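Novice: Provide a 3D model corresponding to the input given below.
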Amino acid sequence: MQKLMFKGLMKDDKTLRELKVTNSAKLMLVGSTITDVLEVTKPVPKGAAAEKEAQAAAAKEPLCKQKQHKKVLDKGKPEDAMPGIKKRQDPLPTVPISGMYNKNGGKVRLTFKLEVDQLWIGTKERTEKVPMTSIKNVVSEPIEGHEEYHLLAIQLGPTEASRYWLYWVPAQYTTAIKDAILGKWQYF
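Specialist: Modelled structure (predicted):
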């Protein structure tokens, strides 16, 4: 099977003159063997489609059930955790959001310095001052059995491996955190 290209795919029902092909024009001939064409048009076996669906379902396992997160969540809710309220969206509090854990189980607090467009991630050892523009994404999911709290990931780099995980984030602030970091409008 062959197709002729000139400023895009040429229509079979038009002449070269109608397509404005001149003597110095460059054309490209694209071809495929009959076996390649038949391989693409072959129907997918039913077993393979079901297998792909099963893999997709396994990949969508809740975050709180995954091994890396379960280890921190099994420590339980921090004693100084701010109270969480499910099915409610509050603006950011005027005080830092504290009483959370990071992926190592260390205490963390978030301070939003909106006047300098920074997010301060504070631990006992240090405070990391992150420009909001450098944060690529914010992901959150409720903790099963404790829906008033969320797992929250702040993506500091281009890949998912650069996510900074926070545990026991009060549910009423998750939307306000996303809006403050990413802006109200997200185009996905």
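Novice: Show me which residues of stretch 110-124 are buried.
Specialist: 110, 111, 112, 118, 119, 121, 122 (16 or more other CB atoms under 10 Å). Just so you know, the C-beta spots here come from the backbone N, C-alpha and C atoms, and that holds for glycine as well.
Novice: Give me the subset of these lying in strands.
Specialist: 110, 111, 112, 118, 119, 121, 122 (DSSP state E).
Novice: Report all helices and strands that the top strand by length along the chain contacts.
Specialist: Longest strand of the chain, by residue count under DSSP E: strand 146-155. Packing partners of strand 146-155 (3 or more CB pairs under 8 Å, 6 or more residues apart in numbering; DSSP states H and E): strand 137-143, strand 163-170, helix 174-182.
Novice: Which residue ranges of this structure form helices?
Specialist: 34-41, 46-59, 67-73, 174-182 (DSSP state H).
Novice: what pLDDT does residue 24 get?
Specialist: On pLDDT, residue 24 comes in at 85.
Novice: give me every residue that touches it.
Specialist: By CB atoms under 8 Å, 6 or more residues apart in numbering, the contact list for residue 24 is empty.
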